[in-house]
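[1] Sequence unavailable; structure follows:
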């Protein structure tokens, strides 16, 4: 092998010193000053609040494939153009279309009482006359799997596990497995139907919906969610030791696949226009409320943030792209469609961020960047310190829609907000505009605008994201 020139070690050393200098002072002072201007301007800007009022008032519920979904796409195109974004367009996505119908349930024995259920997304209908059967309680999917053969055959399985209220959302991650797998796993064992305690933390008599898993090889059975008060009532009757019977009726049905769209808009970059900083949120919502926090707040946050960046001087070096994804809630076709359509340019996506945890207090920022760029991520996060935000490490996940970009190596930034109040409203009829605090929405806009502007202006290369740690 030919020997390397003696100058090579000096070149390598020079590159290392250059990267170290970038890490020590990653941004020109003018960029930091402008980022602070954006941060403060966002705290007095109500474009996001006005957008969210418009979305929830003029469009409302927008479940995938519904008329509300089509109205939401048209709404987004019109408002993004009116706000002055460039390259505003819709990218067609075929989405699944589930229709809720009507759900009813009542305890028939030992002490008859009505309940107020909602169907889980993907549930099938009961027979026209409904189902009545004995209730078998289970806490977790693991308990179900360990139950003796025949325990749930011909019965209605009631999953009692209560979601824990946490600020970081970890309680949801633990509890949501029941919502996803209850019907599928109970059907494998011969159950007629399932009801679950809602995956939510409130004490309102409003149940939380959400998607359940289905499989072609397993018969889909009806699945309903109960509010915490109704689940408590059912548990109290079971605690008597007497046989408890439940009657349930559901009319949900799958419609034909429908056309929806990802909606795209851009603030064009200057010197590095081919490189993309992506801001994502999902345009669809569940059908019970008006999707104010989930994810109207995300739509409003990233749109208002990108608009502020478009007004900044100096203008962003990189292109800031807003992506309003289709059907995050019940299929994820928008996220997958974006990756397929934009696969060739994903190596030029230098950073991705997602807003999908409502508009609540900003607690911190997490990154997923090459380890030698952690000082850059820390510097970016430090500009949010006046709001009390902290740097939370290098294990950002990106969320449902931009997470797949992270798996392909795109660096990520997560803005962590207080998840505790979010899961009081999540997927319920209570997720409405009156629950939005305009000051907290402005705080979210400020965080996203500041971080995205810095990402667009960073003079170096963000490289490719570090691989996440494997799940244990």
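    On my side now, so go ahead. Computed from a predicted structure; not experimentally measured.

[2] Show me the shaky parts of this structure.
    1-24, 468-472 (pLDDT under 70).

[3] mind listing what the residue positioned nearest the centre of the chain touches?
    Residue closest to the mean C-alpha point of the chain, counted by C-alpha atoms, centre = their mean, is residue 356 at 4.0 Å. For residue 356, the contact set (C-beta atoms under 8 Å, 6 or more residues apart in numbering) comprises 281-282, 294-295, 298, 328, 399-401. Placement of C-beta: from N, CA and C, glycine included.

[4] how close does it sit to residue 441?
    Separation of residue 356 from residue 441 (C-beta to C-beta, to the nearest Å): 14 Å.

[5] and what of residue 144?
    Here residue 144 is placed at a distance of 41 Å from residue 441 (C-beta to C-beta).

[6] cool, residue 103 as well?
    Residue 103 is 32 Å from residue 441, by C-beta to C-beta.

[7] Equivalent analysis for residue 259, please.
    Taking C-beta to C-beta, one finds residue 259 at 31 Å from residue 441.

[8] So which of the two has more stuff around it?
    Comparing residue 259 with residue 441 by other C-beta atoms under 10 Å, the one with more neighbours is residue 441, at 24 against 15.

[9] residues in contact with the more buried one?
    48-49, 52, 297, 300-301, 359.

[10] How about residue 264?
    The contact partners of residue 264, by C-beta under 8 Å, 6+ apart, come to 87-91, 321-324.

[11] For my notes, please list the residues you listed in CSV and give secondary structure and neighbour count for each entry.
    Formatted as CSV, the contacts of residue 264 follow (DSSP: H, G, I helix; E, B strand; the rest coil; neighbours: other C-beta atoms under 10 Å):
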residue, secondary structure, neighbour count
87, strand, 12
88, strand, 19
89, strand, 13
90, strand, 17
91, strand, 15
321, strand, 24
322, strand, 25
323, strand, 27
324, strand, 29
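
[12] any idea which of the residues you listed is the one closest to residue 59?
    Nearest to residue 59 among those is residue 324, at 12.1 Å by C-beta to C-beta.

[13] How about the contacts made by the closest one?
    Counted by C-beta under 8 Å, 6+ apart, residue 324 has contacts 76, 262-264, 280-283, 299.

[14] repeat that with 10 Å
    Each residue near residue 324 by C-beta atoms under 10 Å, 6 or more residues apart in numbering is listed here: 72-73, 75-77, 80, 90, 261-265, 279-284, 295, 298-299, 302-303, 334, 401.

[15] Same question for residue 297.
    With C-beta under 10 Å, 6+ apart, residue 297 has these contacts: 48-49, 51-52, 55-56, 281, 291, 355-360, 417, 422, 431, 433, 435-436, 440-441, 444-445.

[16] what's the answer for residue 110, then?
    The contact partners of residue 110, taken as C-beta under 10 Å, 6+ apart, are 237-238, 240-245.

[17] Any chance of those in JSON lines with neighbour count and distance to residue 125 as columns?
    Below are the contacts of residue 110 laid out as JSON lines (neighbours: other C-beta atoms under 10 Å; distance: C-beta to C-beta, whole Å):
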{"residue": "237", "neighbour count": "20", "distance to residue 125": "26"}
{"residue": "238", "neighbour count": "18", "distance to residue 125": "26"}
{"residue": "240", "neighbour count": "10", "distance to residue 125": "31"}
{"residue": "241", "neighbour count": "8", "distance to residue 125": "33"}
{"residue": "242", "neighbour count": "11", "distance to residue 125": "30"}
{"residue": "243", "neighbour count": "11", "distance to residue 125": "26"}
{"residue": "244", "neighbour count": "23", "distance to residue 125": "23"}
{"residue": "245", "neighbour count": "18", "distance to residue 125": "20"}
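
[18] Widest-spaced pair of these?
    Comparing every pair within these by C-beta to C-beta identifies 241 and 245 as the most remote, at 14.3 Å.

[19] Just the buried positions in the helix or strand hosting residue 405, please.
    Element membership for residue 405, per DSSP states H and E: helix 399-407. For helix 399-407, a neighbour-count test (16 or more other C-beta atoms under 10 Å) marks 399-406 as buried.
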